[in-house]
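**Student:** The following block contains a protein sequence and its predicted model.
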Amino acid sequence: MSEKILHLQELATMVKGEIVGDQDLMISGFGPLETAQPGQISFLAKAAAKDMIMDSQASAFLVPMDITESSKTIIRVQNPYLAAAIIQNYLLQKPFVAEGIHTSAVLGSGGSISEELSIGACAVIGDGVTLGDRVAIGPGVVIGNDAIIGNDCVIKANVSIDQGCEIGNRVIIHSGTVIGSDGYGYATDNEGVHIKRPQLGKVKIGDDVEIGANCCIDRATFGVTWIKSGTKIDNLVQVAHNVIIGENSLIVAQVGLAGSTTLGRNVIFGGQSGASGHLSVGDGTMVAGMAAVHGDQPAGSVLAGIPAIPAKKWFKAAILFGKLPEIIKDLKKLKKEVAQLTRKDGSE
Amino acid sequence: MSEKILHLQELATMVKGEIVGDQDLMISGFGPLETAQPGQISFLAKAAAKDMIMDSQASAFLVPMDITESSKTIIRVQNPYLAAAIIQNYLLQKPFVAEGIHTSAVLGSGGSISEELSIGACAVIGDGVTLGDRVAIGPGVVIGNDAIIGNDCVIKANVSIDQGCEIGNRVIIHSGTVIGSDGYGYATDNEGVHIKRPQLGKVKIGDDVEIGANCCIDRATFGVTWIKSGTKIDNLVQVAHNVIIGENSLIVAQVGLAGSTTLGRNVIFGGQSGASGHLSVGDGTMVAGMAAVHGDQPAGSVLAGIPAIPAKKWFKAAILFGKLPEIIKDLKKLKKEVAQLTRKDGSE
Amino acid sequence: MSEKILHLQELATMVKGEIVGDQDLMISGFGPLETAQPGQISFLAKAAAKDMIMDSQASAFLVPMDITESSKTIIRVQNPYLAAAIIQNYLLQKPFVAEGIHTSAVLGSGGSISEELSIGACAVIGDGVTLGDRVAIGPGVVIGNDAIIGNDCVIKANVSIDQGCEIGNRVIIHSGTVIGSDGYGYATDNEGVHIKRPQLGKVKIGDDVEIGANCCIDRATFGVTWIKSGTKIDNLVQVAHNVIIGENSLIVAQVGLAGSTTLGRNVIFGGQSGASGHLSVGDGTMVAGMAAVHGDQPAGSVLAGIPAIPAKKWFKAAILFGKLPEIIKDLKKLKKEVAQLTRKDGSE
């Protein structure tokens, strides 16, 4: 990873930070506190861990605003974690190198494929496919007919994108993920036989979406399953047919979203949580790991539990769950005592 | 999707429906109420939403029997949802087009491969494999030695079917799914080292089964892991070694079935639910999403919760879960009051 | 499966067992009680099922020590299940047959690749890759640049191992699994836009690890995500960035381990359970299926529930969950009775 060399002041400007210390440092890379080398910049997420920068070999540190001075060179910023990500991305940025189309890759006919791209070995691109500029298609990727992939996308090894799906710009899709598999829809006859409902829609993925490894995003029955721009999906996530996920949402690993459910923007679903179908989940809703959302949820909901209820309420209840045997014991004792009192009372 | 053009009366006969209105309409396709075009047929699932057909541009509508008349042409049927699926499949039906074996596909020796099939680019077929008529093998599919695949199957991109597994007729397997991976079986020695138990069985899949994307169906330790005919499995489902799933069952996304568990026919497991190993789950059992089935279940069970209990009982309890803090508060107060009463009572 | 033919005494020595019966038997294979053939050896896990060996056609039986005699030939051992695995593996053992590199496989440059290995059709190996002796790479596998794979590994079809990851010796990875996908890490700005944190670490997998199908093991942000030697992972498991799993642990299907969590050795996570991030879970901890571990756990913890609590406590509470409606009814009645008693008491 060859990184750029930059003047500290440039970096400070980039993250709207204020330098305290040596303004003239040259920075050649980024590293975590423990392993950063001299010449590199690091970051401290919380002021409480202030002493850790004393043990680090980094030459400069992104720190929260409540640290005002240090014997080391610091850049004070509102959000050191964010500033670190911005600087690190900048330092690692390198021009796209088009490796062209591997001789073992198989291309269909009639598409529109940028000249500045990379298509890996044994990738299979269908007919009528559009691939934008600076796209990197990994080895073993299969893209179905008439799919559209925007600019600057990275599609990792063995991803399957089925026919007609549309991927925006700057989208990253990790290995093994399947985009555009059929939705799970059947009509059942009197004998209990399930008749497949044709799945004729597609999947549409906005800009700057990242999708983890081995996810499944089903195509819509009609219309679209839609992951809107800026949303980040972790590994092994199931997105059923006709689901819509709003902008900048975070869907953590192994979440399952059932058919036709709509999430607003900046929604967070914790790991292994789920939502049943045909729900509307408002903007900014946060769902705890392993929670099960049933019923529509207003914007800003904070939920936990199966079924999901307001998280505060759930947490209070959940820590008392183990007391059920004691509760029942207490109840029995009370019943006996009250019965005795009532008897005496009645006999007076 | 070029569709057939059919006389309305033909369609009504196909779904055992009764036309009220223009018997002579020609129908050229199917669409949902909102987007259907003139000349197309649509459907209304429930009589309560009757007014929706007034706003639709479709020329005819499949409706439930309790709608007896309409200013639009209707076909009255017992189950409009089912009738719609039947008609839609019929209209979309097209003859299989054998595309042959792609030059980049790799075929083993000694198998029996139909002449009327399609094998996609970079697919790899082992030795001794049987592929039936009108089979469509997607790009990147890997089929191990001696596997058998029946007629009219669709195996989508990047599926892996390991050696010796048997797939019936009209089976659909979506991208990324793995059939015949080793079961998870170890014997542990005194030092806590796990010795792999050889997994020598296979996977057998009946007719008309559909398996979603990125599922795992493990081979049996000995004998078979068996998905019986008509069963439909959603995405990311785990079926462990020696599991047997009866006919026409529905296994929704992210379900996990542990080793040697047997499900009856027409069983439903909701999303993210699971069953522990060596269970027997009777015919027609319904398991709610995220439920965990432990212990054998008689036919017709309706279950929810962790561990799963009768769903009615669980739902009643679950909505009260958040009241635990209140319950404990009430109990404390009662205990104090009763203690006071008992004291007074004793002092009399 | 051609198996070796062995003298019973050799097998008994191998598993430190004592023969009661015909010491001179020749054994040609292993089978389960129900299907074993004459000449084969079988095993009985528990003495209670002793009668089952009478109905079996096997010629000899591994049995627990508490069986001291039988009309059939037996080998008494401490752990028949373990002894069976050891003998079965021995009987099935066969020399590695190097099939070489398939002509359709694509190899990068500058690596170090053993001459005694098999690389399947359409496999794609990057630049600078190290592949050890007797490695079997399945069809469609993609291995990124600079990855290292030790000796005697089996990498099944369509696995993706991304650049720089290190795999030990005797590792088995089942189809569709992804090693080295990016960790799920973002910094969020004031507008709710998520900035990707570069994921610069790698995945390191020890010796004798087995990883099931369609798993995801994310690379570390910095440093390593590390699966230590002897650990066995089932299908569809999610291991997030910087997780460390100690030696000889068992991670059952669909488990999710969040970022930076560290498990000790011989830890067991049951199916569909999970752990949140940045936890330390001590050696020998056992987590029940569908449990959610929050907070650090000392060695030897036995946990269940959401959130996970000591399993004994949880099981006692869980079987009472359905009684919540009754509890609330009882409480109401008691409150009324006590109020009445208190009123009377006050009026005296």
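**Tutor:** That came through, no problem.
**Student:** so where's the stretch 1-150 of chain A uncertain?
**Tutor:** Scanning the stretch 1-150 of chain A for pLDDT under 70 picks out A:1-3.
**Student:** Is residue A:157 in contact with residue A:141, as I believe?
**Tutor:** Yes: at 6.8 Å, residue A:157 counts as touching residue A:141 under the criterion of CB atoms under 8 Å. Any C-beta I mention is one placed from the backbone N, CA and C, and that applies to glycine too.
**Student:** Pull up the overlap in contacts between the two.
**Tutor:** By CB atoms under 8 Å, 6 or more residues apart in numbering or on different chains, residue A:157 and residue A:141 have these common neighbours: residue A:120.
**Student:** need the residues of the stretch 201-348 of chain A near chain C, please.
**Tutor:** Contact residues, the stretch 201-348 of chain A versus chain C (CB under 8 Å from any CB of the partner chain): A:210, A:212-214, A:230, A:232, A:234-236, A:248, A:250, A:252-254, A:265-266, A:271-272, A:289-290, A:306, A:318-319, A:321-325, A:327-328, A:331, A:334-335, A:338, A:341-342, A:345.
**Student:** What about chain B: which of those touch it?
**Tutor:** Near chain B, by the rule CB under 8 Å from any CB, you find A:214, A:236, A:254, A:272, A:290, A:306, A:321, A:323, A:327, A:331, A:334, A:338, A:341, A:345 out of these.
**Student:** By pLDDT, give me the weakest of these.
**Tutor:** On pLDDT alone, residue A:345 ranks lowest of those, at 72.
**Student:** so that residue sits in a strand?
**Tutor:** No: Residue A:345: not assigned to a strand; according to DSSP: H, G, I helix; E, B strand; the rest coil it is helix.
**Student:** and the stretch 1-150 of chain A, which residues reach chain C?
**Tutor:** Going by CB under 8 Å from any CB, the residues of the stretch 1-150 of chain A near chain C are A:1, A:31-32, A:35, A:79, A:81-82, A:84-86, A:88-89, A:92, A:102, A:104, A:120-122, A:138-140.
**Student:** can you rerun that using 10 Å?
**Tutor:** By the rule CB under 10 Å from any CB of the partner chain, the part of the stretch 1-150 of chain A lying against chain C is A:1, A:30-32, A:34-36, A:78-86, A:88-89, A:91-92, A:102-105, A:120-124, A:138-141.
**Student:** Start and end of stretch A:31-44, how far apart?
**Tutor:** From its first residue to its last, stretch A:31-44 covers 11 Å (CA to CA, to the nearest Å).
**Student:** swap in stretch A:185-193?
**Tutor:** Start-to-end span of stretch A:185-193 (CA to CA) is 13 Å.
**Student:** so how far is it from its chain's centroid?
**Tutor:** 36 Å (CA atoms, centre = their mean, to the nearest Å).
**Student:** which residues sit in contact with residue A:46?
**Tutor:** A:52, A:63, A:64, A:66, A:67, A:80, A:81 (CB atoms under 10 Å, 6 or more residues apart in numbering or on different chains).
**Student:** ok, so what distance separates it from residue A:124?
**Tutor:** 48 Å (CB to CB, to the nearest Å).
**Student:** now residue A:260
**Tutor:** Distance of residue A:260 to residue A:124, computed by CB to CB: 31 Å.
**Student:** Mind checking which of these two has more residues around it?
**Tutor:** Neighbour count, other CB atoms under 10 Å in any protein chain shown: between residue A:260 and residue A:124, residue A:124 has more, with 29 against 19.
**Student:** The helix or strand where residue A:336 lies versus helix B:324-347: what angle between them?
**Tutor:** Secondary structure assigned from DSSP states H and E places residue A:336 in helix A:324-347. With axes from the mean of the first three to the mean of the last three CA atoms, to 10 degrees defining the directions, helix A:324-347 sits at 40 degrees from helix B:324-347.
**Student:** mind pulling up the phi and psi values for residue A:48?
**Tutor:** Note on residue A:48: its backbone torsions stand at phi -60, psi -30 [degrees, to the nearest 10].
**Student:** Ok, residue A:105 next?
**Tutor:** Dihedral angles of residue A:105 (phi, psi; degrees, to the nearest 10) stand at phi -70, psi 150.
**Student:** and it, how many neighbours does it have?
**Tutor:** 23.
**Student:** quick revisit: buried ones among the residues of the stretch 201-348 of chain A next to chain C?
**Tutor:** Among those, those classed as buried by neighbour count (16 or more other CB atoms under 10 Å in any protein chain shown) are A:210, A:212-214, A:230, A:232, A:234-236, A:248, A:250, A:252-254, A:265-266, A:271-272, A:289-290, A:306, A:318, A:321-324, A:327-328, A:331, A:334, A:338, A:341, A:345.
**Student:** Tell me how many other residues surround residue A:251.
**Tutor:** By the measure other CB under 10 Å, the count of residues near residue A:251 is 29.
**Student:** how much space between it and residue B:286?
**Tutor:** Here the criterion is CB to CB. By it, residue A:251 lies 27 Å from residue B:286.
**Student:** Next: residue A:103.
**Tutor:** 53 Å.
**Student:** which of those two has more neighbours?
**Tutor:** Applying other CB under 10 Å to residue A:103 and residue B:286 shows that residue B:286 carries more neighbours, namely 17 against 7.
**Student:** show me the contacts for residue A:32.
**Tutor:** Applying CB under 10 Å, 6+ apart to residue A:32 gives the contacts A:40, A:42, A:43, A:56, A:58, A:84, C:200, C:201, C:221, C:222, C:223.
**Student:** Just the buried residues out of those residues, in PyMOL syntax.
**Tutor:** In PyMOL, this line selects whichever of the contacts of residue A:32 come out buried by 16+ other CB under 10 Å:
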select buried, (chain A and resi 40+42+43+56+58+84) or (chain C and resi 200+201+221+222+223)
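**Student:** would JSON lines of the contacts of residue A:32 with distance to chain B and secondary structure be doable?
**Tutor:** Formatted as JSON lines, the contacts of residue A:32 follow (distance: CB to the nearest CB, whole Å; DSSP: H, G, I helix; E, B strand; the rest coil):
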{"residue": "A:40", "distance to chain B": "39", "secondary structure": "strand"}
{"residue": "A:42", "distance to chain B": "38", "secondary structure": "strand"}
{"residue": "A:43", "distance to chain B": "36", "secondary structure": "strand"}
{"residue": "A:56", "distance to chain B": "38", "secondary structure": "coil"}
{"residue": "A:58", "distance to chain B": "41", "secondary structure": "coil"}
{"residue": "A:84", "distance to chain B": "33", "secondary structure": "helix"}
{"residue": "C:200", "distance to chain B": "27", "secondary structure": "coil"}
{"residue": "C:201", "distance to chain B": "25", "secondary structure": "coil"}
{"residue": "C:221", "distance to chain B": "25", "secondary structure": "coil"}
{"residue": "C:222", "distance to chain B": "29", "secondary structure": "coil"}
{"residue": "C:223", "distance to chain B": "26", "secondary structure": "coil"}
